[in-house]
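Undergrad: With the input below, show me the fold.
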Amino acid sequence: MARHSSTQPIYIAIDSGGTFTDCVWVERGRVRMFKVFSTSQDPSLAIADALNKIASSGSSILLHGTTVGTNTLLQRKGARVALITTAGFEDAIEIGRQARPKLYDFFFDRVEPLMPASLRFGVDERTSSEGVVLHAPSSEELRGLKIRVAEQNPAAIAISLLFSFANPSNEAAVVAELKELAMPLSVSHEIMPEFREYERTSTVAVNAYLQPVMQYYLENLEQRAGASGKTKIFVMQSNGGTTSLSAAAAQPVRTVLSGPAGGVVGAAAMARHSGCERIVSFDMGGTSTDVALVDRELRPGAQGEISGLPVGVPMLDIHTVGAGGGSIARFDAAGALRVGPESAGADPGPICYGRGTQPTVTDANLILGRLQSDRFLGGDFKLDAERTHWIVSEWLKKQRCKMSLEQFAAGVIRVVNATMEKAIRVVSIERGYDVREFALVAFGGAGGLHACELASALGIPRIIVPALPGALSAFGILVSDVVKDYSRTVLWRVSEKVPQERLDKEFSNLRRKAEKDFRNEGWRGAIRYQLSVDVRYRGQGYELNVPYGRQLVAHFRQEHERRYGYNYPAREVELVTLRLRAIMKSAQSGLAAARAVTADSGSGARARGEDAPVRKITTFMGGKPVKAGIFERDSLRPNKKYSGPAVITEYSATTFAPPGTRFWVDRAGNLVLQIKS
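TA: Sure thing, here's the model as predicted:
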């Protein structure tokens, strides 16, 4: 990290998931890891416990990926928020775009706004689209607004006035008046100075909704983990970079995909060292599966959606589905087998964990022999196979199902694979990419168990299971750079000639803001900038993001051709929003090249020099028993080719190689699997 002390603190990355809390750290130049069960009621308890085990003495730097923001939105457990907007636009947050996600579902309930009508207040003001203040709010109006807001006693306030991105003076006047209420304020021209009032207002509302919750959580974490002053805490953002604790508390909307973003960063870093720059990342954890496509570089999108709510801050384009190892299997009213999105989580967990009573994907893999009960978490946690077989058998009897245990388990795997295959198609094939030109990077505790069948179904020839697959999100957080994103909507029409001077002036303004923010947070080091522009043809409703340069328009036309199959050579284009990404290199980024080791490395098969199967076991493929060898990943010799069927075990994950699969460990320490064509 750019901040370094003379005492050389230990760098620790911790990713809090729904089932496990993953810890990765650097010790004597080597990467180590372990996993602990998450404490869902208060994630900071598991984090503090892990920190005490890793760095009981001495200073440390904690890089944290959190799901607190995501879970708060999904469960609607955020703060009571007041919204201040231009008079007449109080209901824009509820009207939205009037899009129906399920067009033919007469019983579909739309997503309710985060604040009711009683907490939405209008201000008599108006700014033109060119940034001219047509009417400024009077001091009497602002005092009355403050009294009305105070009477409702909200926990946070969101402020989003019409065209504040063009001229924020009216919005600044509202902020100055409401500061006296001593409540957290989320202001649109600071968080998202862009057009489209619905998306901008929704983003600011989400930020305000999360602010009190995230502030409480981060303060609690700082008190537990950094009370001694020996631990400095930084937080992973959705854009693939870390930021300071204070910045994350002020703008928590930028952390809603914190953990999954770390996974994409880690997948891209590890695949690059195996010679792959075009990848589909496939992160299958205990609760959900996150997929993303990386075409040579990480490029966050400008718009996303969380729990049905638009979020307009840069975030990596990650598609999430409710399919994980803990996803619960059930039969619906028509007798069809369904899997997820409900999850057993960490408590009670799958049946094989010892407390659960409903069959899950993890239980199905155990029944099929792909998970070995004595090799879970390196043998530290034993899966209860006998309990699983008995409870699932009794459950099937209650469901009046005549399938055998193995047939039912195979059906669970097919159903959950179909869900995950669809998710991969969303980020790849549906966006004009040929997945046959990409490698599938499978990680998460369960990713390697399903990767080969998914790759085979999609025609992906190569699979990479990176080192530390069960904690790759934490590893990605460890090697992430410090990143800040800035934007400004301009709406300029151009033909072929780019207005270079005007663009350079606007980008210079964004650069100065970035330098000020880095300086205020105490960062020291060289800042690298990535400049891009959202461009569209005149008359279009949406844009494509293109790297900034003298050939900006030509590059836009090429990207339009690639994405949609056509372009308009003579049509006028619009430069819509300017974007600047400021990056400060992490001192840990070089760790991606080193072979990582787990907390229990250095003994066992590798030390004995063995690379033969530990034993032969029976697995099931297509309803038929198949003999497969069990290999310890640490025992595989670099570049030596092995053949499936095989089960490859390691501390944080298990990989299943079906018959006809070739696999080997490359010089980067990644497990590579090749599907027979």
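Undergrad: Give me the secondary structure label for the residue most central in space within the chain.
TA: By Cα atoms, centre = their mean, the mean C-alpha position of the chain lies nearest to Pro260, the distance being 2.6 Å. Pro260 falls in the helix class when you classify it by DSSP: H, G, I helix; E, B strand; the rest coil.
Undergrad: Kindly report the same for Ile391.
TA: Under the three-state scheme (three-state DSSP), Ile391 adopts helix.
Undergrad: what about the residue nearest to the centre of the chain, distance to Gly345?
TA: When distance is defined by Cβ to Cβ, to the nearest Å, Pro260 is 17 Å away from Gly345. Every residue, glycine included, has its C-beta placed from N, CA and C.
Undergrad: Would you mark the buried spots in stretch 560-576?
TA: 560, 573-576 (16 or more other Cβ atoms under 10 Å).
Undergrad: Now tabulate these in TSV and tack on secondary structure.
TA: Putting those into TSV (three-state DSSP) gives the following:
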residue	secondary structure
His560	helix
Val573	strand
Glu574	strand
Leu575	strand
Val576	strand
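Undergrad: if we can go back for a sec, so the residue nearest to the centre of the chain sits against Asp290, correct?
TA: Yes - at 4.1 Å, Pro260 and Asp290 qualify as touching, with contact defined as Cβ atoms under 8 Å.
Undergrad: and Asp15, what are its bridge partners?
TA: For Asp15, the beta-bridge partners under DSSP bridges are Asp22, Gly65.
Undergrad: Enumerate every residue touching Arg97.
TA: Arg97 sits next to Tyr198 when contact means Cβ atoms under 8 Å, 6 or more residues apart in numbering.
Undergrad: pLDDT wise, what is it at?
TA: According to the prediction, Arg97 has pLDDT 84.
Undergrad: Show me how far the longest helix along the chain is from its chain's centre.
TA: Identified as the longest helix of the chain according to DSSP state H is helix 197-226. Here the centre of helix 197-226 is set off from its chain's centre by 17 Å, with Cα atoms, centre = their mean, to the nearest Å.
Undergrad: What of stretch 73-81?
TA: From the chain centre to the centre of stretch 73-81 is a distance of 19 Å (Cα atoms, centre = their mean).
Undergrad: sorry, back to before: what separation is there between the residue nearest to the centre of the chain and Val441?
TA: Taking Cβ to Cβ as the measure, Pro260 and Val441 are separated by 13 Å.
Undergrad: try Ile279
TA: Distance, Ile279 to Val441, using Cβ to Cβ: 5 Å.
Undergrad: who has more neighbours, these two?
TA: Set Ile279 next to Val441 and count neighbours by other Cβ atoms under 10 Å: Val441 wins out with 31 against 25.
Undergrad: can I assume the more buried one is in contact with Ile464?
TA: Yes - using Cβ under 8 Å, Val441 makes contact with Ile464 at a distance of 4.8 Å.
Undergrad: what residues are shared contacts of those two?
TA: 270-271, 276, 279.
Undergrad: Who wins on neighbours among these?
TA: Of all these, the highest neighbour tally under other Cβ under 10 Å goes to Met270, namely 30 neighbours.
Undergrad: residues contacting that one?
TA: Taking Cβ under 8 Å, 6+ apart as the test, what Met270 contacts is 441, 464, 466-467, 472, 475, 592, 668, 670.
Undergrad: what about it, which SS state?
TA: helix.
Undergrad: now the nearest residue to it once chain neighbours are set aside: how far from Ala653?
TA: Sequence neighbours aside, Pro466 is the residue nearest to Met270 in space, at 3.8 Å (criterion: Cβ to Cβ, 6 or more residues apart in numbering). For Pro466, the distance to Ala653 equals 10 Å [Cβ to Cβ].
Undergrad: Identify the contacts common to those two.
TA: Taking Cβ under 8 Å, 6+ apart as the contact rule, Pro466 and Ala653 both touch Phe443.
Undergrad: Among the buried residues of stretch 560-576, which one sits closest to Asn639?
TA: Nearest to Asn639 out of the buried residues of stretch 560-576 is His560 (Cβ to Cβ; 42.9 Å).
Undergrad: ok, now which ones touch the closest residue in space to that closest one that isn't next to it in sequence?
TA: Excluding the flanking residues, the one nearest His560 by Cβ to Cβ, 6+ apart is Asn567, at 4.5 Å. Neighbouring residues of Asn567 by Cβ under 8 Å, 6+ apart: 557-558, 560-561.
Undergrad: Please convert these to TSV, extending it with distance to Lys676 and secondary structure.
TA: Converted to TSV, the contacts of Asn567 look like this (distance: Cβ to Cβ, whole Å; DSSP: H, G, I helix; E, B strand; the rest coil):
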residue	distance to Lys676	secondary structure
Arg557	41	helix
Gln558	36	helix
His560	38	helix
Glu561	35	helix
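Undergrad: Closest one to Gly459 out of those residues, please.
TA: Using Cβ to Cβ, Glu561 is the member of these that sits closest to Gly459, with 24.0 Å.
Undergrad: which SSE is Leu578 in?
TA: Leu578 is part of strand 573-584, with elements assigned from DSSP states H and E.
Undergrad: So what's the gap between that strand and the chain middle?
TA: Centre-to-centre, strand 573-584 and its host chain are 22 Å apart (Cα atoms, centre = their mean).
Undergrad: Show me what it is packed against.
TA: Under the contact definition 3 or more Cβ pairs under 8 Å, 6 or more residues apart in numbering; DSSP states H and E, strand 573-584 sits against strand 482-494, helix 500-520, strand 527-537, helix 552-564.
Undergrad: got the buried residues for the longest one?
TA: This points to helix 500-520. Neighbour-count burial for helix 500-520, counted by 16+ other Cβ under 10 Å, picks out 503, 506-507, 510-511, 514, 517-518.
Undergrad: Could you list the low-pLDDT ranges of the stretch 301-450 of the chain?
TA: 346, 378-379 (pLDDT under 70).
Undergrad: wait, Ile424 sits on Thr289?
TA: No - Ile424 is beyond contact range of Thr289, at 9.3 Å (criterion: Cβ under 8 Å).
Undergrad: who touches both of the two?
TA: Phe282.
Undergrad: going on from the longest helix of the chain, what's the next piece of helix or strand?
TA: Helix 197-226 is succeeded, C-terminally, by strand 231-236 (DSSP H and E).
Undergrad: which residues touch that next one?
TA: For strand 231-236, using Cβ under 8 Å, 6+ apart, the contacting residues are 1, 3, 9, 15, 51, 55, 59-66, 218, 221-222, 225-226, 242-245, 247-248, 255, 258-259, 261-262, 477, 480, 482.
Undergrad: Could you do stretch 274-283 as well?
TA: Contacts of stretch 274-283 (Cβ under 8 Å, 6+ apart): 260, 263-264, 267-268, 271, 289-297, 420, 424, 427-428, 435, 437-444, 447, 451, 454, 460, 462, 464, 472-473, 666, 668, 670, 672.
Undergrad: Which among these count as buried?
TA: 260, 263-264, 267-268, 271, 289-294, 420, 424, 427-428, 435, 438-444, 447, 451, 454, 460, 462, 464, 472-473, 668, 670, 672.
Undergrad: what kind of secondary structure is Ile147 in?
TA: With three-state DSSP as the basis, Ile147 sits in helix.
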